[in-house]
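Novice: Predicted structure and sequence below. I'll ask about it afterward.
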Amino acid sequence: MTEAQKTKSRETQGPDHPIASVRVLRSGRAEQHKEHRYGSRLPQLWWVFFGRSWVPLPLQCFLIDHRDGLVLFDTGIDPAIMSDRGYIKQAIGRFLLPRIFRFQLADADRIDHVLAGAGVAASDIRMAVISHLHFDHAGGIAQIPQADLLVSDREWATLSEQHPEYEWILREHIEIPSAKWRQITFEPTDDPLFEGFDGIHDVAGDGSMILLPTPGHTRGSMSMLIRQEGWRPILLVGDLTYETALLEQDIVPGTGEKDTLLASFAKVRRLQQRLPGLAIAASHDFAAEEAVSRATCNSSEI
């Protein structure tokens, strides 16, 4: 982003408009089993090994231009996972990965290159909120060493277990010397808007970016509520669901903890009732870009 673009962006921001834009960034494509996306009564290992129906899966993260600096919601995947045999150290992980996902990745899908394509230097990212620690969401942290990395303390606790890699949390690519991790704790709130959620975290202290615990996909998964005058509110839900329509229908994916997912689904739907027009954007939903675009259009166009 040029200095002129930065200046123009800041000129549009004021007390009621701390955010200049929210953009969906595509960081590759993949395919997943149909049972993975839409759920199945079959055991997970059955469809991993014998499932024959694959569906397309976009790999996406989000860029928020806040007056305090540029914020990423997730950092995408590192394409090195395709070319570096040692990227996943455990042999069982290397064996299972291509049976769970079919990736279509290029070097251009690394987050610094994705940002450059969007006119932004990776060195300009001030903060990255990591919805959860799976490799396709935390895979770009090495490219933004200057950024603060926010993760829930509940998610971080998974790293203390003996085998976080069994949950596809790759410690060697998370606990790196350059990473400036900051664990956040969800604080209680009296705001009736967030009734039912186990606390909140106000990222910038201005109410424009609120983190909410939405466990189920992983124990410490979190979502971000974006609010600004003149926009519809936006909820970035990471991998809580793979499609917004599935959340609305209580259809859980083939992975995660079903009861916890359903409880988080219910909380999100109650939030939607309290915030009419709430746009829900999931990281692997092709509809996310349109949802964000519609939510951030001029209020007179809504």
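Specialist: Happy to help now that I have it.

Novice: Output stretch 97-112 as PDB, nothing but the C-alphas.
Specialist: Provided in PDB are the C-alpha atoms of stretch 97-112 (Å, rounded to 0.1, in the frame of the first residue of the first chain):
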ATOM      1  CA  LEU A  97      -2.900 -35.200   4.800                       C
ATOM      2  CA  PRO A  98      -3.500 -36.100   1.100                       C
ATOM      3  CA  ARG A  99      -6.300 -38.400   2.100                       C
ATOM      4  CA  ILE A 100      -8.100 -35.600   3.900                       C
ATOM      5  CA  PHE A 101      -7.300 -32.600   1.600                       C
ATOM      6  CA  ARG A 102      -6.300 -32.200  -2.100                       C
ATOM      7  CA  PHE A 103      -4.400 -28.900  -2.100                       C
ATOM      8  CA  GLN A 104      -3.900 -26.700  -5.200                       C
ATOM      9  CA  LEU A 105      -1.200 -24.300  -4.000                       C
ATOM     10  CA  ALA A 106       1.400 -22.100  -5.500                       C
ATOM     11  CA  ASP A 107       4.100 -19.900  -4.100                       C
ATOM     12  CA  ALA A 108       1.800 -17.000  -4.800                       C
ATOM     13  CA  ASP A 109      -0.500 -18.300  -2.100                       C
ATOM     14  CA  ARG A 110       1.900 -17.500   0.700                       C
ATOM     15  CA  ILE A 111       0.500 -14.700   2.800                       C
ATOM     16  CA  ASP A 112       3.200 -12.100   2.000                       C
END
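
Novice: quick one: contacts for the most centrally placed residue in the chain?
Specialist: The centre of the chain sits closest to Gly238, judged by Cα atoms, centre = their mean, with a distance of 3.5 Å. Neighbouring residues of Gly238 by Cβ atoms under 8 Å, 6 or more residues apart in numbering: Phe73, Asp74, Ser131, His132, His137, Thr214, His217, Ser221, Met222, Ser223, Ala282, Ser283. For every residue, glycine as well, the C-beta is placed using N, CA and C.

Novice: what's the most distant pair in these?
Specialist: Within those, Phe73 and His217 form the most distant pair, 14.8 Å apart (Cβ to Cβ).

Novice: between these two, who's got more neighbours?
Specialist: Of the pair Phe73 and His217, Phe73 is the one with more neighbours under other Cβ atoms under 10 Å, namely 30 against 24.

Novice: Alright, calling it a day.
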